[in-house]
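Colleague: next one to model:
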Amino acid sequence: MDRATVNAFCATLPGAECSEPFGPGHDIWKVGGKIFAALGAEGRGVSVKCADVETAEMLRESGFYEKAPYFHRSWVLVPFGGSSEEDVRHRVQISYDLIRGSLPKKVRETLPARPSG
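Modeller: Next up is the predicted model:
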């Protein structure tokens, strides 16, 4: 898994938008104005949100994930090369679903529908 593949996957998520608010090379993916995935300029991996701090700690303790720089403790960095493409997609999808689900109802209603099935 690499940066281009993560960006391509994020682009398929309904309502997802990419910007570079932290400068060139920092791909920040948002839904409803809230970050769900971040790829830093150093290109080590993708930072994603977990359901809670405990889940993030468990994932870090597994040895496959790292602390996400500059983010709350409920976020992890999924390093490229250390995780399968399926695992990276799964973590990004969970993060997207968590962020989208936490948006106010009025904001969620303005987003494109999620594909069914």
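
Colleague: all contacts plus neighbour counts: C-alpha atoms, from now on.
Modeller: OK.

Colleague: contacts only, for Gly25.
Modeller: For Gly25, the contact set (Cα atoms under 8 Å, 6 or more residues apart in numbering) comprises Gly40, Ala41.

Colleague: doesn't it fall inside a helix?
Modeller: No - with DSSP: H, G, I helix; E, B strand; the rest coil as the criterion, Gly25 is coil rather than part of a helix.

Colleague: nearest residue to the middle of the chain?
Modeller: Within the chain, the residue whose C-alpha comes closest to the C-alpha centroid is Ala37; the distance, by Cα atoms, centre = their mean, is 2.6 Å.

Colleague: list the contacts of that residue.
Modeller: Residues counted as contacts of Ala37 (Cα under 8 Å, 6+ apart) are Ile28, Trp29, Lys30, Val46, Ser47, Val48, Lys49, Val92, Ser95, Tyr96.

Colleague: phi and psi next, for it.
Modeller: The phi and psi torsions at Ala37 (degrees, to the nearest 10) take the values phi -150, psi 140.

Colleague: hang on, Ser84 packs against Val6?
Modeller: No - contact status for Ser84 versus Val6: not in contact, 11.8 Å apart, counting by Cα atoms under 8 Å.

Colleague: so which residues of this protein form helices?
Modeller: With DSSP state H as the criterion, the chain has helices at 3-11, 53-61, 85-102, 105-110.
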